[in-house]
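K.L.:
next input, structure requested:
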Amino acid sequence: MRKLFDRTAQALQVSGQIVLAFMVITICYDAIMRYVFTAPTSWSLEVNTFLIIYVTAITAADVQRTDSHIRITFFAVKLGTIAQRVVRVIIALTGVAFCAIMTWRGSIMAYQAWEFGERVSSSFGTPMVYPYALLPIGFGLLAIQFALDAIDATFWPDRRRDDHEDLQEI
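P.N.:
Predicted coordinates for the structure are as follows:
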């Protein structure tokens, strides 16, 4: 089950990289059209606003899985091994709780947008259910990853060792 989740998170990370590349291209295209040809696009801002939600929400589980986020370890490294495990479990359980709330509320928002047929009031008219649906999907995956982190910290404390030798402690 963990391997399936890991592969899913990796695939979503790759899709996030593709989306980010697409965003760079469309933003550059819009800037050229706007400032060189004085003919801005009507869709670029709206599309890229929703895609930034995709990049942040959908890829968050893989960022947590690979432990490649920014963190402050000044106090944590001063603690003993058992205290560090306890802190990891507390952080993971807090993450599960937060992500569960975000998943629940995001699901309600997406359902209501679908039920009432909400659309963006622009010429593109994107149905709001699509960007809203990204929230429960992304936070649901992140909640699963936090739950796996809590299990690892409780039963297999050495599973996610800190192997970031290239980082310098301050």
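
K.L.:
so how far is residue 156 from the residue nearest to residue 8 when sequence neighbours are not counted?
P.N.:
Nearest residue to residue 8, sequence neighbours excluded (Cβ to Cβ, 6 or more residues apart in numbering): residue 141, at 7.5 Å. Quick note: C-beta positions are derived from backbone N, CA and C, even for glycine. The spacing between residue 141 and residue 156, counted by Cβ to Cβ, to the nearest Å, is 21 Å.

K.L.:
circling back: and the residue nearest to residue 8, what does it touch?
P.N.:
Applying Cβ atoms under 8 Å, 6 or more residues apart in numbering to residue 141 gives the contacts 8, 9, 12, 58, 60, 61.

K.L.:
what about the helix or strand encompassing it, average pLDDT?
P.N.:
Here residue 141 sits within helix 129-155, counting by DSSP states H and E. Averaged over helix 129-155, pLDDT sits at 94.

K.L.:
got phi/psi on the most far-flung residue of the chain relative to its centre?
P.N.:
Note on the chain: the largest C-alpha distance from the chain mean falls to residue 37, namely 35.7 Å (Cα atoms, centre = their mean). The phi and psi values for residue 37, taken as degrees, to the nearest 10, are phi -100, psi 0.

K.L.:
all helices for the protein, in order.
P.N.:
Remark: helices assigned in the chain by DSSP state H are 2-35, 44-58, 60-65, 81-116, 129-155.

K.L.:
so, low pLDDT: which residues of this structure?
P.N.:
For the chain, the stretches flagged by pLDDT under 70 are 159-170.
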